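Visitor: generate a structure from the sequence data that follows.
(2 chains)
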Amino acid sequence: EDQVTQSPEALRLQEGESSSLNCSYTVSGLRGLFWYRQDPGKGPEFLFTLYSAGEEKEKERLKATLTKKESFLHITAPKPEDSATYLCAVPPGSNDYKLSFGAGTTVTVRA
Amino acid sequence: NAGVTQTPKFRILKIGQSMTLQCTQDMNHNYMYWYRQDPGMGLKLIYYSVGAGITDKGEVPNGYNVSRSTTEDFPLRLELAAPSQTSVYFCASSYEGGVTGELFFGEGSRLTVL
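Guide: Residues are numbered from 1 along each chain as shown, chains lettered A, B, ... in the order given. Predicted structure coming up:
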């Protein structure tokens, strides 16, 4: 059973058009939810960690929020350089060493 | 700091051949991981290590082997390559385990098995 599901699979935005990405998870006793950004041909790069429902983190045009069942990554007034695949991940409840990754949302921002 | 370095970046193998993907990190991280990434499937954990001499299986270990003789190096061995092993492989490291979750990834090794 997938522990992390991301939607939509792909998102095409016009520059300046704000939107949100969703990451839903099924692990119990969440020990943290992590967002990564991946550019084409590169490895993922860490963005945020969220630990408890209601927590928010911001970085430039990105804001991540967390509820008891899902996380949202809000992109405000995106620019073409925000085009990337955004991955979320959670540690399975029984093991802190591993992360289960979602399949990602590929965001394309057109000028 | 170079971070996490993977070699080779690209490789084509014939069915049944073997090879080793190299991974080295210069951040003195105890935890190291190998993931594979297939289109639309996300990252799947192959093997991980919590320190030199200690390794354990992840979600998809079949057809692979690892060793961890030093803190810096974590090579991934493919024995008897199969088309199903065509993928992009990422090595990662972290200072702490999944509690902090900040993994540092290499740039990946793209493997094609024909």
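
Visitor: what sits closest to the spatially most central residue of chain B if chain neighbours are left out?
Guide: In chain B, the centroid-proximal residue (CA atoms, centre = their mean) is residue B:34; its distance is 2.8 Å. Closest residue to residue B:34 apart from its sequence neighbours, by CB to CB, 6 or more residues apart in numbering or on different chains: residue B:46 at 4.4 Å. For every residue, glycine as well, the C-beta is placed using N, CA and C.

Visitor: which residues are in contact with residue A:61?
Guide: A:75-79, A:82 (CB atoms under 8 Å, 6 or more residues apart in numbering or on different chains).

Visitor: what about these, which are in strands?
Guide: Under the assignment DSSP state E, the contacts of residue A:61 contribute residue A:75 to strands.

Visitor: in contact with the residue lying closest to residue B:9 once chain neighbours are set aside, which residues?
Guide: In this structure, residue B:9 finds its nearest non-sequential neighbour in residue B:109, 6.1 Å apart by CB to CB, 6+ apart. The contact partners of residue B:109, by CB under 8 Å, 6+ apart, come to B:6-11, B:21, B:88-90.

Visitor: show me what from chain A comes close to chain B.
Guide: When proximity is defined by CB under 8 Å from any CB of the partner chain, chain A lies next to chain B at A:4, A:9, A:31-32, A:34, A:36, A:41-46, A:49, A:87, A:89, A:91, A:95-104.

Visitor: just to revisit the earlier point, for the helix or strand that the residue nearest to the centre of chain B is a member of, which strands pair with it and how are they oriented?
Guide: Assigned by DSSP states H and E, residue B:34 belongs to strand B:31-38. Strand pairing for strand B:31-38, using DSSP bridges, gives strand B:42-51 (antiparallel), strand B:87-94 (antiparallel).

Visitor: lowest average pLDDT across those strands?
Guide: For the strands paired with strand B:31-38, the weakest mean pLDDT is recorded on strand B:42-51, namely a mean of 92.

Visitor: what residues of that one count as buried?
Guide: By neighbour count on 16 or more other CB atoms under 10 Å in any protein chain shown, the buried set for strand B:42-51 is B:42-49.

Visitor: tell me how many other residues crowd the residue in chain A that chain B sits nearest to.
Guide: Using CB to the nearest CB, the closest approach of chain A to chain B is made by residue A:43 at 3.0 Å. By the measure other CB atoms under 10 Å in any protein chain shown, the count of residues near residue A:43 is 23.

Visitor: please name the nearest non-neighbouring residue to it.
Guide: Ranked by CB to CB, 6+ apart and with sequence neighbours excluded, the top spatial neighbour of residue A:43 is residue B:105, at 3.0 Å.
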